[in-house]
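*Asks:* sequence plus predicted model, see below.
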Amino acid sequence: KFLNLSYVTIYGSYMMVFQVVTVLMSSFVNAITASVGNFLINQNDDEVTSIAKQFNTVFIALATFISLNMYFLVNDFITSWIGEKFI
């Protein structure tokens, strides 16, 4: 069974928003990858463990913040972006 064009448009709109967030997060992670690798080579194990825990905490907090905002605000964003009938 095929879906009509309105369902495809709704799905596409939500996917576009999620893809933008994914690209932004990937850009952030890729930007610091070289710095982290350089740090891992130049430091001892205790400092590496400490920094790894700090990065892990920051990434978990960032992922939680983005996930909660996406969950609660994506419908409002889609409404203001393309209109009420696409929710």
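*Replies:* Now that the structure is in, tell me what you want to look at.
*Asks:* tell me where this structure has helices.
*Replies:* Ranges of helices in the chain, per DSSP state H, are 5-42, 45-82.
*Asks:* tabulate the ones you listed (a markdown table), appending mean neighbour count.
*Replies:* In this view, the C-beta of every residue, glycine as well, is placed from N, C-alpha and C. Converted to a markdown table, the helices of the chain look like this (neighbours: other Cβ atoms under 10 Å):
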| stretch | mean neighbour count |
| --- | --- |
| helix 5-42 | 11 |
| helix 45-82 | 12 |
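*Asks:* reformat the ones you listed as TSV; add mean pLDDT.
*Replies:* Shown next, in TSV, are the helices of the chain (pLDDT from 0 to 100):
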stretch	mean pLDDT
helix 5-42	88
helix 45-82	90
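*Asks:* how far away is residue 85 from residue 2?
*Replies:* Distance of residue 85 to residue 2, given as Cβ to Cβ, to the nearest Å: 20 Å.
*Asks:* of the two, which one has the most company?
*Replies:* residue 85 (9 against 6; other Cβ atoms under 10 Å).
*Asks:* for that one, what are its contacts?
*Replies:* Shown in contact with residue 85 (Cβ atoms under 8 Å, 6 or more residues apart in numbering): residue 6.
*Asks:* do the same with residue 30
*Replies:* Counting by Cβ under 8 Å, 6+ apart, residue 30 has no contacts.
*Asks:* what's the distance between it and residue 56?
*Replies:* 17 Å.
*Asks:* same question, residue 42
*Replies:* In terms of Cβ to Cβ, residue 42 sits 20 Å off from residue 56.
*Asks:* kindly report the same for residue 40.
*Replies:* 14 Å.
*Asks:* ok, residue 19 next?
*Replies:* Residue 19 is 25 Å from residue 56, by Cβ to Cβ.
*Asks:* same deal with residue 8?
*Replies:* 38 Å.
*Asks:* same question for residue 76.
*Replies:* Distance of residue 76 to residue 56, computed by Cβ to Cβ: 31 Å.
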